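>>> turn this into a model:
(4 chains)
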Amino acid sequence: MSPKWLSKFISFIFMTAFLASTLTGCWSRREIETLGFVTALGVDRTEEGEIEITVHIAKPFAVARGTEGGVSTEKGFWTVSSTGSTAFEAMRNLLLQSPRRPFYAHNRFILIGEEYARAGVKDILDLFARNGETRRLARVEVIKGSTAKDFMQQVEFELERLPSEGEEGISRSVEVGLSSQPVECTLNSFLQWLETEGMEPIAVRLELIPKKPDAPINVGELLREQVRASSKHGGAAVFKGDKLVGWLDETEMRGVNWVTGKVKSGILVIDQPNEKGKLVSLEILRAKSKFQPEVKNAQVSVTVKIEAEASLGEIQGTLDPMKYPQAWTEMESQMAEAIKREVMAAISKAKELNSDIFGFGAALNRKQPKEWASLKDRWDLEFQRIDVKLEVEAKLRRMGLVTRSSEPK
Amino acid sequence: MELLCSSAKYRVPTQFTVNKTLDKDDLLMLRSLTRLLRKNMWAASKPSQTKKDSTGGPLSKNVKVNETLIKQSFGNSSDLVVRELRVGPGGRFTVLVVYVDGLVDKTLISENLIERISDQTAKWCNPEQAYDDLKNRIIAVSDVKETGDLDNFLNHVARGDCGLIINDVAKALVADTRGWAQRKIEEPTTEATIRGAKEGFVETLRTNTSLLRRRVKHPRLRIEEHEIGTISKTSVAIAYISGLADEKVVQEVRNRLGRINVDSIQESGQIEELIEDAPFSPFPTILRTERPDKVAGALFEGRIAILTDGTPFALIVPATFTMFLTSPEDYFERTFMASAVRAIRYLSFFTSLTLPSLYVAVTTFHQEMLPTPLILNIASQREGVPFPAVVEALLMEVLFEILREAGVRLPRIVGPAVSIIGGLVIGEAAMRAGLVSPIMVVVVAATGIASFATPVFSVAIGARLLRFIMVLLAGSIGFFGIVAGLFALATHLTSLRSFGVPFMEPIAPAVVSQFKDLLARVPWWAMHTRPALVGHKDLVRQGYDQKPKPPASSGKDTHR
Amino acid sequence: MNTLLLILAFAAIAAYEIPEIIRRRQWKELVVFAVLLIVGFTMSLFQTIGVKVPNPVKGIELIIKKAAGLF
Amino acid sequence: METEGGRISGSQLLALLVLTRLVPVTIEFPLVTGIEVPQDAWISSLVGTVLSIPPVLLMVHLSLKYPDKTIIEYSQLLLGKFFGKIIGFVLVWYWLSIAATMLRSVGDAYTTAVMPETPILAFILTVGFLSANAARTGLEVVGRLGEVNMLVVLLFGFLTLTLPYKVMNFENLLPVIAKGIRPIMLPTGTAISFFVQFIILGMVVPYLNNPQTLTKSSLGAIAISGFMMTAFTVALIAVFGPTVSSLMLPAFSLGRMISIGEFLERIEIIPMGAWTITVAITLAFFLWASAVAIAQLLGLRRFQALIYPLAAISVAFSILFFESFLDLELYFKEVWVPYSLTLTLGITIILYVASLIRGRSSASEKVIGSCHRNG
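Here you go, the predicted structure:
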């Protein structure tokens, strides 16, 4: 061996030994089967004032399609809670109970109990924004009338093995089909709203629907057949700063979405023009809206322009729009009225809660930063007396596959 | 200088046409002259080599002495035939016919040599005249040379020429009577294509050069033949198209071949290892192929081929990385398909290099990357597997390599059986036994198949080796390890050169004009230029504006 | 352990470069190489065994703050 | 004998300069500026890009006056042996300190976001080793690596920019310059301060295939990296709104926001990998420059031998300089801008003035110089 190769060889051996000893430490290694995949996480405060974390940990062997092909009847997840004086400590304390290290990267829901939310959520959200493992795109949802722990211990869906999947599914269809819940209500947007001037955060409202209210709750041995409760999405939790101040119901929430232009679809129910006491359902096909705040003579006014298109979805009683074209225009104006009602309901609720969830202030800031600078300190007052002008243009475009409803002979 | 080179024995024997008789002194003088003139001129002039070989000296006038010398030199080998013919008026002349049985065409010898010598020698009177007559008239073989040197004579005989010695003349004639059993020209087994020529090189150099010559019918195709190996004396030919190939690179090839000092060359692989630029690289910097069309294509780009007697594998230099992922078919298939297939090849090369390591990295470090249902699926499959993912991956990869090796080495009939048993039974059983997870089996199988999609196997072998390193890196530090490995690999590959041409040539350094033949293969009418760094001698390949168009007067006129 | 690894790493660098330099008889290079390597080694060694070394960045910071104070 | 035998093309230089510039952009730009009005960060990056053209052109002009000399050589020619060498050593220090800073940011980025349990040295050492390895093979290979990887990096950069389109809200960019020019001045300075790293092109000029491409390459690099920086800032503001100023690793966080149809999720590690490659190449470039500079300062014939010791020193520096990630960020925020700006601009201006004086005092200087160069 010539000296050239010898020196290279020796240094190669040294280098390999060095790199091998530094690199094969396997510090951050976590084998996939040693992880407990957290699919939902709830936050409450115990009576002692400690923070209580509840998690759903998926059971991979029960959820995934096994090699045998059969679907097990086992429950697909495990609900476990732990406490600590901070949220991080509580999360770490889960290690005392869970044989698998809880892994939060797949957690898509941050559920907050009503009580906790009323006291302010900023502190808990800091943890999720700071940690590299958690998702910034996790949804922030607030549970109405219950603690997150109760909710998570009871909730289950017949159609999905994991409650998180069920919630995800409902959430998506509510967003797309009903437009009655906040869109993009993630940790990221929540934090943005929190920091944006002239805008208050909202979050998805969750409610438990008990199935058998009298049945005792046996944690841990729930089988698929014994589904206790499911949940209801829709509506919104309204914050002022980081504190929960109240709730919007589904209609009010759609009112907010009308203003912010996030309505995708939904059903509007109006009176049947031809027959008293009968109703017509309209399906919203397309909606466009924009709002323009303006300051004039120390009076803030907002012009909201909404254009909506709908199709006839259902007619009660007898009505043939082919024969009574005036009914068509009447339905259009009724539709505009319905939209206006929803928007006004939302605005009056927002004013009642004194929370600018529409972002009128932020829009004013974008448009007239100077005026905003003078207004922003008393925005709470200004928001109360804000003047909203609504311009709704409603159009009925289609009537479905039949023209008139069937008439009994 | 040209004359000097050719008159010494450096040139191809078949072109050896010198009328002057050369004795040993002449040769020595020439040799030293040559050495002086062309220091790096090649091969056989190596002093040690010639000295070791010199057993004889000049041929003797005495036939008996010659016969004994020849027989001694061959150590009475049983395949050496020394036939003594007594011819001429009254059998006054003795003609020795010397050949090696099995290397010669016996019909040729008996019909064109022995028969004619026996029949037509009646008028011979003295040895000198007999010798001339023999040389000029009687021997009915196209290629006849004469030599006065015993060594030279023996070398010719050992190569299948037939030697003729006449009494009282200190010279001998060697007639080219080579002919031996050889494999038919068949479709290459290692580089099959669907479209394109179906012939491949065989083990005989002459046939191979003829295959080339048939594809490049131009006098500018140069085939220089050299002899390498002090004992094996293997013929090695350099083929290039003069005017296209860079003369400097050709000279470099000559030099490197000239530096070779080994006793035997059995396969071009040995030559490859002896002349390549980066002996310790996992990737070859010389392309080997058994397809004449591939070699011809390379010649047209200005590259140089090295053909070796005794193997169907030719070497092409300078080689670039992209050539290893190119199949001749790419140039014959329709351009879109060819480009798509090429993209698939690049993808599969990358897959075969990194897929197992990506699996390991994702499952042990970056579980957040996969969608939740998939990660739960993988987790449930890993349930109960006793090894960490990295061990699992290494285990399966090693098992797979063993299977592949077993499948290749076994007889054709048994091979598939082994693959089936190995693939199905062991894989399935290992899965059921809970040793490995099903998804690991999928990963390994996909990797294996991807590695088969490389047209040139030698580069796939490089990826095969590196895959293990990548798995280890991924297992120790995750995706960062993979990135580090890829970066080190990229550094290595970009620093490689093959005969002066950067190995990663059209990619790094980026040669924009050559992107036409990188990922996408543009239609032939758009391939105006040769690769810039290889074929810079004559860059323009073809005429411009060759895009086919329908005739100008199309439409109804043509239907008349 | 860490010190050992450190020595190993620097020994690898030395074993890799020095024979090449010596073969080329580049004595000046050898001196510079050795000086740089020793500087690197001492700095790393001080950090591994925990000797406090003045931080040049703090120096720069100080200079900049002083300079900013002048204006 | 030449210390470096390789030659690089204009496009390779462009790639190297772009990568050099992209390193701070892709990992810490809006944060390090300490901007008060986050939604205006993109303006300062745009203005910074434009404002950095004159100083860079000055560097280019200066280098082109001595197209076959490195900045180390011509500074000695212009200022005399002693002062020239001082400037040379200052530059070596500058490059090594940049190398150390980059190493540290790789380590900190990985340990913060991806693998908190792994010691930072594992990352620093690996990247240091990789780039020393590349730098040792010479400028040619570094240039080629840059060329190839620039495409990869730009591709991933572009994907990172565009894939989170779902969560982007461009209203966040408004109002423009609501609080006046003052708050965006410091960030603009930061943006310029990263461009003046281009002084490294003074090392490259003699090794260019065609020195005339220098102007084009530098301007192209400014354009590409300026565009990337601005686009990144815009995307970041659109995605994160006012919270952008609180993000530790903004571009990395952008990667975390990617979520496409239940299929691609949180692929932050891939842009992170591309960024690591960028750092490795840039680091190789700086190591190469420092090694060649030292070789030329001390009259050595081979720079290769110096690469590994210099890499070891920058690894040691990277640990020594900063105690925590906070230190690193504060360094960028408070020290880096005046430090980098005064150093590079100061050197450039001094040399340029010297060259003007020299040029006037003896018109024959150039002839003598060129003879000397050829010798």
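
>>> give the contact list for residue 102.
Using chain A. Under the criterion of Cβ atoms under 8 Å, 6 or more residues apart in numbering or on different chains, the neighbours of residue A:102 are A:35-36, A:38, A:55, A:57, A:91, A:94-95. Where you see a C-beta, it was placed from the backbone N, CA and C, and this is true even at glycine.

>>> sorry, should have said chain D
Residues in contact with residue D:102 (Cβ under 8 Å, 6+ apart) are D:23, D:279, D:282-283, D:286.

>>> in the stretch 151-300 of chain B, what residue lies closest to chain C?
residue B:280 (14.4 Å; Cβ to the nearest Cβ).

>>> hmm, back to that, now, which of the contacts of residue D:102 sits nearest chain B?
residue D:279 (10.2 Å).

>>> domain assignment for the chain?
Picking chain A for this. Domain segmentation of chain A under automatic domain parsing yields A:32-248, A:251-398.

>>> chain B was what I was after
Here the domain parsing of chain B from automatic domain parsing is B:1-54, B:61-181, B:205-319, B:335-502.

>>> and those, which one averages the lowest pLDDT?
The stretch with the lowest mean pLDDT among the domains of chain B is domain B:1-54, at a mean of 44.

>>> flag every residue of chain C that's near chain D.
Chain C comes close to chain D at residues C:9-10, C:13, C:16-17, C:20-21, C:24, C:26, C:28-29, C:32-33, C:36-37, C:39-41, C:43-44, C:47, C:53, C:55-57, C:60-61, C:64, C:67-68, as judged by Cβ under 8 Å from any Cβ of the partner chain.

>>> select only the buried ones of those residues in PyMOL?
Written as a PyMOL command, the selection of buried residues from these, which uses 16 or more other Cβ atoms under 10 Å in any protein chain shown, is:
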select buried, chain C and resi 9+10+13+16+17+20+21+26+29+32+33+36+37+40+41+43+44+47+57+60+61+64
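
>>> which of the residues of chain C next to chain D are close to chain A?
C:9, C:13, C:16, C:20.

>>> could you pull out the buried residues of stretch B:260-273?
Buried residues in stretch B:260-273 (16+ other Cβ under 10 Å): B:260, B:265, B:268-272.

>>> stretch D:308-326 too?
Within stretch D:308-326, judged by 16+ other Cβ under 10 Å, the buried ones are D:308-322, D:325.

>>> stretch D:281-293 now?
Result for stretch D:281-293 [16+ other Cβ under 10 Å]: buried residues D:281-293.

>>> stretch A:342-349 too?
A:342-343, A:345-347, A:349.

>>> adding pLDDT and distance to residue A:306, write those out as a markdown table.
Shown next, in a markdown table, are the buried residues of stretch A:342-349 (pLDDT from 0 to 100; distance: Cβ to Cβ, whole Å):
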| residue | pLDDT | distance to residue A:306 |
| --- | --- | --- |
| A:342 | 90 | 10 |
| A:343 | 91 | 7 |
| A:345 | 91 | 14 |
| A:346 | 90 | 12 |
| A:347 | 90 | 13 |
| A:349 | 89 | 18 |
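
>>> picking up where we left off before, the buried residues of stretch D:281-293: which two are farthest apart?
Using Cβ to Cβ, the two most remote members of the buried residues of stretch D:281-293 are D:281 and D:293, lying 18.5 Å apart.

>>> run a quick neighbour tally on residue 45.
I went with chain A, as the question did not name one. Neighbour count of residue A:45, defined by other Cβ atoms under 10 Å in any protein chain shown: 16.

>>> should've been chain C
17.

>>> for residue D:159, same thing?
Neighbour count of residue D:159, defined by other Cβ under 10 Å: 17.

>>> repeat for residue D:90
14.

>>> what about the strands in the chain?
Chain wasn't specified; assuming chain A. A:35-45, A:51-58, A:77-84, A:101-103, A:109-113, A:139-143, A:202-210, A:229-232, A:236-240, A:243-248, A:266-271, A:279-296, A:299-315, A:387-398 (DSSP state E).

>>> wait, chain D was what I had in mind.
Taking DSSP E, the strands of chain D run over residues D:259-260, D:264-265.

>>> mind putting those into JSON lines with mean neighbour count?
Below are the strands of chain D laid out as JSON lines (neighbours: other Cβ atoms under 10 Å in any protein chain shown):
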{"stretch": "strand D:259-260", "mean neighbour count": "16"}
{"stretch": "strand D:264-265", "mean neighbour count": "18"}
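
>>> which one of those strands has the poorest average confidence?
strand D:264-265 (a mean of 72).

>>> residue B:126: which of the strands of chain D is closest?
Smallest distance to residue B:126 across the strands of chain D (Cβ to Cβ): 95.4 Å, for strand D:264-265.

>>> partners of the closest one in the sheet?
If you go by DSSP bridges, strand D:264-265 pairs up with strand D:259-260 (antiparallel).

>>> grab the nearest non-local neighbour of residue B:541.
Nearest-residue entry for residue B:541: residue B:530, 5.1 Å, with adjacent residues in sequence omitted and distances by Cβ to Cβ, 6 or more residues apart in numbering or on different chains.

>>> what's around residue B:177, how many residues?
Residue B:177 - counted by other Cβ under 10 Å - has 22 other residues nearby.

>>> no no, residue B:222
16.

>>> which residues touch residue B:358?
B:474, B:482.

>>> next one: it from residue D:152, what distance?
As judged by Cβ to Cβ, to the nearest Å, residue B:358 and residue D:152 stand 16 Å apart.

>>> now residue D:106
Distance of residue D:106 to residue D:152, given as Cβ to Cβ: 17 Å.

>>> helix, strand or coil for the residue of the stretch 151-300 of chain B found nearest chain A?
Relative to chain A, the nearest point of the stretch 151-300 of chain B is residue B:280 (9.0 Å; Cβ to the nearest Cβ). Following DSSP: H, G, I helix; E, B strand; the rest coil, the label given to residue B:280 is coil.

>>> how about the backbone phi and psi for it?
The phi and psi values for residue B:280, taken as degrees, to the nearest 10, are phi -100, psi 10.

>>> which ones are touching it?
For residue B:280, no contacting residues are found, by Cβ under 8 Å, 6+ apart.

>>> ok, now how distant is it from residue B:273?
Distance of residue B:280 to residue B:273, given as Cβ to Cβ: 11 Å.

>>> longest helix in the chain, by residue count?
If you meant another chain, say so; for now it's chain A. Longest helix in chain A by number of residues (criterion: DSSP state H): helix A:325-353.

>>> if you could check chain B rather than the one you did, that'd help
Ranked by residue count, the top helix of chain B under DSSP H comes out as helix B:335-364.

>>> that one vs strand A:35-45, what angle?
Counting by axes from the mean of the first three to the mean of the last three Cα atoms, to 10 degrees, helix B:335-364 lies at 60 degrees to strand A:35-45.

>>> list the contacts of the nearest residue to residue A:35 once chain neighbours are set aside.
Residue nearest to residue A:35 in three dimensions, not counting chain neighbours: residue A:103, with 4.1 Å by Cβ to Cβ, 6+ apart. Residue A:103 is in contact with A:30, A:35-38, A:133, B:367, counting by Cβ under 8 Å, 6+ apart.

>>> for the stretch 251-400 of chain A, give the residue positioned nearest to chain C.
The minimum distance from the stretch 251-400 of chain A to chain C, using Cβ to the nearest Cβ, falls at residue A:373 (30.5 Å).

>>> what's the local residue count around that residue?
Residue A:373, neighbours per other Cβ under 10 Å, totals 13.

>>> could you do residue A:403 as well?
Applying other Cβ under 10 Å, we find 12 residues neighbouring residue A:403.

>>> my guess is it contacts residue A:324, does it?
No. Applying Cβ atoms under 8 Å, one finds residue A:403 not in contact with residue A:324, separated by 11.4 Å.
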